[in-house]
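*Asks:* sequence and predicted structure are below.
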Amino acid sequence: MKILHLAESYWPERCGVQEAMQRLSEGLAARGHDVTVGTGFHPARQVGLHNGVKIEQFNVAGKWTTGYTGEIRRWQDFVQGFRPDVTLNYAAQQWSADLVFPILDRMRGAKIFLPCGYPSLGDWKWWLYYRRLPQVLRRYDHLIYLSRVNRDFEFGRRHGLSSFSIIGNGADQKEFSGPTGDFRRRFAIDSPLMLLSVGNFSADKGQQRVLDAFIRCGRLDATLVFIGSTPSAWMRGLQREADRRRPGRVRVLSGLPRREVVDAFQAADLFLSGSAAECFPIVLLEAMASATPYISTDAGCARELTGGMIVKGAAEMAQAINRLADDETARRRLAVAGQSVWREQYTWSTVIDEYERLYRQLVREREEGRPRELERSS
């Protein structure tokens, strides 16, 4: 198949959208499909082909609420001039999708939209966007939701959008089944327990909540490790506060190679997520894959997953840290359960199987001129 994926972020940028798009695109390319990704410009991206995936980048910026700038016409000409068998738009509220909406009827092949949670649904500044969105979505052949508990699924149900699939994210089997490194030795972590939190450094990702919980729990036998994106004022402020409140017991690391991030998951005793807003947090899948029990706020589909505890805030997280830190049997039980579910449902190989099957079915239906089925729930 000739496949076009459209996403605002892609390699070498690091974020959840990029991770999902890269895994899916490279996985399908490795199976012999002709995959092109249309994405935003990145100064470090000097090639048009990476791991079998063709990359077309465009210098576009902006949001629906503020307006768009840059190569808008070039982006739209590229999308409507491409001749794929199937196109996937990844994530609403991004220019890579919103600028496609006006040209949907001029696009070729099967068209799929994956909303990724509708983060500003309910925000008055986005009221008109979401009022118009149901009519836009009816012009796609199919929708993909990451989970049934996210607001995008409920929005679609409320508006009678009945052609959809449920396909979650994944964690890579090769990465998490390989040999482990000695993360603790490399970073001189000598405490009996290592707690880990991974995510881009920002207020929404909840590192402040995790730090508050760690301080509240009062443990002297644990080190908390934050791993995130490139250095920022937010990260430096977090480190200063940690040094003041728990000197020597909090590490804030950025820009680590992927192998060291995986090593950190495998070295940790507990994974902590304090995020305020998610759709399908890949970091929880990576905790499950590494047999690391997690403690997470109730963000996105976290409560649908297996292998951890869901909490409401810093106080509950502190209590959960102490409960699991003192109960090795409970930690092991959660670790085994989470890793088992990951192996059965959430490896990238399994996820790519589902996408490939759906793509083939949609292409076949268009070729045969058959009407869409009401629902495909994977």
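*Replies:* Arrived safely, thanks for sending.
*Asks:* all strands for the stretch 151-300 of the chain, in order.
*Replies:* Taking DSSP state E, counting those that start in this stretch as the test, the strands found in the stretch 151-300 of the chain are 164-166, 193-198, 222-228, 250-254, 270-273, 294-297.
*Asks:* low-confidence stretches in the chain?
*Replies:* Per-residue confidence for the chain (pLDDT under 70) gives these ranges: 231, 370-378.
*Asks:* in JSON lines: the strands of the stretch 151-300 of the chain, plus distance to Leu4 and mean neighbour count.
*Replies:* (Glycine included, C-beta is placed from N, CA and C.) Below are these laid out as JSON lines (distance: least, C-beta to C-beta, whole Å; neighbours: other C-beta atoms under 10 Å):
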{"stretch": "strand 164-166", "distance to Leu4": "18", "mean neighbour count": "20"}
{"stretch": "strand 193-198", "distance to Leu4": "30", "mean neighbour count": "24"}
{"stretch": "strand 222-228", "distance to Leu4": "31", "mean neighbour count": "23"}
{"stretch": "strand 250-254", "distance to Leu4": "33", "mean neighbour count": "19"}
{"stretch": "strand 270-273", "distance to Leu4": "33", "mean neighbour count": "27"}
{"stretch": "strand 294-297", "distance to Leu4": "34", "mean neighbour count": "27"}
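*Asks:* any chance of these in JSON lines, plus distance to Leu24?
*Replies:* Shown next, in JSON lines, are those (distance: least, C-beta to C-beta, whole Å):
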{"stretch": "strand 164-166", "distance to Leu24": "14"}
{"stretch": "strand 193-198", "distance to Leu24": "20"}
{"stretch": "strand 222-228", "distance to Leu24": "23"}
{"stretch": "strand 250-254", "distance to Leu24": "26"}
{"stretch": "strand 270-273", "distance to Leu24": "23"}
{"stretch": "strand 294-297", "distance to Leu24": "24"}
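*Asks:* looking at these, spot the one closest to Thr347.
*Replies:* strand 164-166 (16.6 Å; C-beta to C-beta).
*Asks:* helices or strands up against the closest one?
*Replies:* When contacts are defined as 3 or more C-beta pairs under 8 Å, 6 or more residues apart in numbering; DSSP states H and E, strand 164-166 sits against strand 142-145, helix 151-158.
*Asks:* run the last query once more with 7 Å
*Replies:* Under the contact definition 3 or more C-beta pairs under 7 Å, 6 or more residues apart in numbering; DSSP states H and E, strand 164-166 sits against strand 142-145.
*Asks:* who does the strand it packs on pair up with?
*Replies:* Counting by DSSP bridges, the strands paired with strand 142-145 are strand 110-114 (parallel), strand 164-166 (parallel).
*Asks:* the closest residue to Ser273 other than its chain neighbours and Tyr90, how far apart?
*Replies:* In space, and not counting its chain neighbours, Ser273 is closest to Ser296: 4.1 Å by C-beta to C-beta, 6 or more residues apart in numbering. Going from Ser296 to Tyr90 by C-beta to C-beta, to the nearest Å gives 23 Å.
*Asks:* what does Met194 give?
*Replies:* Met194 is 34 Å from Tyr90, by C-beta to C-beta.
*Asks:* and if you look at Arg219?
*Replies:* Arg219 is 40 Å from Tyr90, by C-beta to C-beta.
*Asks:* for those two, indicate the residue with more neighbours.
*Replies:* In terms of neighbours (other C-beta atoms under 10 Å), Tyr90 is the more surrounded of Arg219 and Tyr90; the figures are 27 against 21.
*Asks:* quick one, what contacts the more buried one?
*Replies:* For Tyr90, the contact set (C-beta atoms under 7 Å, 6 or more residues apart in numbering) comprises His5, Leu6, Ala7, Val17, Met21, Leu114, Cys116.
*Asks:* for Tyr68, pull up the helix or strand it's in.
*Replies:* strand 67-70 (DSSP states H and E).
*Asks:* doesn't Pro134 belong to a strand?
*Replies:* No: according to DSSP: H, G, I helix; E, B strand; the rest coil, the state of Pro134 is helix, so it is not within a strand.
*Asks:* list the contacts for it?
*Replies:* Here Pro134 is in contact with His159, Leu161 (C-beta under 7 Å, 6+ apart).
*Asks:* give me every residue that touches Pro84.
*Replies:* Counting by C-beta under 7 Å, 6+ apart, Pro84 has contacts Lys2, Ile3, Leu4, Arg108, Gly109.
*Asks:* where does it sit: helix, strand or coil?
*Replies:* Quick answer, by three-state DSSP: Pro84 is coil.
*Asks:* quick check: closest non-adjacent residue to it.
*Replies:* Leu4 (4.1 Å).
*Asks:* ok, the one you found - how many residues close by?
*Replies:* 25.
*Asks:* element containing it, please.
*Replies:* Going by DSSP H and E, Leu4 is part of strand 2-6.
*Asks:* go through that strand and flag the buried ones.
*Replies:* Lys2, Ile3, Leu4, His5, Leu6 (16 or more other C-beta atoms under 10 Å).
*Asks:* which parts of the helix or strand just after it are buried?
*Replies:* Per DSSP H and E, the first helix or strand lying C-terminal to strand 2-6 is helix 16-30. By neighbour count with 16+ other C-beta under 10 Å, helix 16-30 contains the buried residues 16-29.
*Asks:* out of the residues you listed, flag the one nearest to Ala276.
*Replies:* Gly16 (14.1 Å).
*Asks:* what's the closest of the strands of the stretch 151-300 of the chain to Gln80?
*Replies:* strand 164-166 (24.4 Å).
*Asks:* quick one: the helices in the stretch 101-250 of the chain?
*Replies:* 127-137, 151-158, 173-177, 183-186, 207-217, 233-245 (DSSP state H, counting those that start in this stretch).
*Asks:* I'm done for today, thanks for sticking with me.
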